[in-house]
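K.L.:
A structural model of the following input is requested.
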Amino acid sequence: MKKILFIILSFIILIFLYGRYIEVNNFKIKEYTINNEDIPKSFENLKIVHFSDILYNNQYQKKFSKLVDNINNLKPDVIIFSGDLFKKGEKYTEDDYNTLKESLAKMDANLYKLAIIGDNDQEYLDKYQEILSQSDFKLLDNENMLFFYKDKIPINIIGLTNLENIKDLLETSVPYSYSLAIIHEPDNSQSLSNYNINTIISGHSLGGIIKIPYVGGIFKNEGANKYINDYYKINNSELFISNGLGYYKFNFRLFNTPSINVYKFKAQK
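P.N.:
Purely as a prediction, here's the structure:
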């Protein structure tokens, strides 16, 4: 009996140490093909790298250079950050702001670097806007951008802080067939799927912190109560969720490695 208890206790300790010191400090790359009949032919093989939820503190500083190198090695056409650069309630110094600015500036995209506002970023909004601007990220704060690539037919990229004027952002002076929405909280996808939006990308859920095989993430965050895991089909929209790079209260993840997403477009027209 004592031997069994020792084995169980040792297993629990090893699992804890793995989640606390190993998995949370790594990250992996998840690759997806977005295969949609509305993608213009000129966008064939376009590569988007999507990352989210850095939730920066001084423990993250060591990981930033590795993140930048991995993103740049992917040679993205577009980089998208879906919010939460900051962690709510954290005290930051000018050195922290400069580190964030320098690291984000080193990220290299062939065409665009785009970002939206996360819920934690609202507390530091002025600094957030300043850092993005000085690191060549274009902030889409309830804005859309017609993105032309090798042809006269664009796609519509929509960055949402809330859902107040979504209908206006879908109406453009130039016709398009494919739309991509960037949101922070994935539960908003249910409302977005009622509109003509092909693809939604999001973050915020952190993958549920701990993932159980065949169950998925088990810790729910406000704004990610329904949609936690990597992928969902909602009506005619596809939802891809980045499980993020940081953590909230406790530096721990289990069976849920921090990650960045890579999307490669496959046109059918």
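K.L.:
ok, which stretches of this protein are strands?
P.N.:
28-36, 47-51, 78-81, 112-115, 138-139, 143-147, 155-159, 179-182, 199-202, 211-212, 216-217, 231-234, 237-241, 259-267 (DSSP state E).
K.L.:
Listing partners with orientation, what would you give for the fifth one?
P.N.:
To tie it back to what came earlier, the one meant is strand 138-139. Sheet pairing of strand 138-139 (DSSP bridges) gives strand 112-115 (parallel).
K.L.:
returning to that earlier point: can I get the strands of the chain in TSV including distance to Leu100?
P.N.:
For every residue, glycine as well, the C-beta is placed using N, CA and C. Converted to TSV, those look like this (distance: least, CB to CB, whole Å):
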stretch	distance to Leu100
strand 28-36	22
strand 47-51	13
strand 78-81	11
strand 112-115	12
strand 138-139	14
strand 143-147	22
strand 155-159	19
strand 179-182	20
strand 199-202	22
strand 211-212	28
strand 216-217	27
strand 231-234	29
strand 237-241	23
strand 259-267	17
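K.L.:
Quick one: closest of those strands to Leu17.
P.N.:
Closest to Leu17 of the strands of the chain is strand 211-212 (CB to CB; 17.7 Å).
K.L.:
Okay, now the sheet partners of that closest one, with direction.
P.N.:
According to DSSP bridges, strand 211-212 forms sheet pairs with strand 216-217 (antiparallel).
K.L.:
what does the strand it pairs with contact?
P.N.:
Strand 216-217 is contacted from outside by 205-211, 228-229, 243, 256, using CB atoms under 8 Å, 6 or more residues apart in numbering.
K.L.:
One more pass at 10 Å, please.
P.N.:
Contacts to strand 216-217, defined as CB atoms under 10 Å, 6 or more residues apart in numbering, come from residues 205-211, 224, 227-230, 241, 243, 255-256.
K.L.:
re the thing from before, can you add distance to Ser10 and mean pLDDT and give the strands of the chain back as a markdown table?
P.N.:
A markdown table is the format used below for these (distance: least, CB to CB, whole Å; pLDDT from 0 to 100):
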| stretch | distance to Ser10 | mean pLDDT |
| --- | --- | --- |
| strand 28-36 | 27 | 96 |
| strand 47-51 | 36 | 98 |
| strand 78-81 | 40 | 98 |
| strand 112-115 | 44 | 98 |
| strand 138-139 | 49 | 98 |
| strand 143-147 | 53 | 96 |
| strand 155-159 | 48 | 98 |
| strand 179-182 | 44 | 98 |
| strand 199-202 | 38 | 98 |
| strand 211-212 | 21 | 86 |
| strand 216-217 | 26 | 87 |
| strand 231-234 | 36 | 96 |
| strand 237-241 | 34 | 97 |
| strand 259-267 | 29 | 95 |
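K.L.:
Export these as TSV, with columns for mean neighbour count.
P.N.:
What follows is the strands of the chain, written out as TSV (neighbours: other CB atoms under 10 Å):
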stretch	mean neighbour count
strand 28-36	14
strand 47-51	23
strand 78-81	24
strand 112-115	22
strand 138-139	16
strand 143-147	17
strand 155-159	24
strand 179-182	25
strand 199-202	25
strand 211-212	16
strand 216-217	19
strand 231-234	14
strand 237-241	22
strand 259-267	20
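K.L.:
What pLDDT is listed against the closest residue to Ile155 other than its chain neighbours?
P.N.:
Nearest non-adjacent residue to Ile155, counting by CB to CB, 6 or more residues apart in numbering: Tyr178, 4.5 Å away. Tyr178 is assigned 96 on the pLDDT scale.
K.L.:
No more questions from me, cheers.
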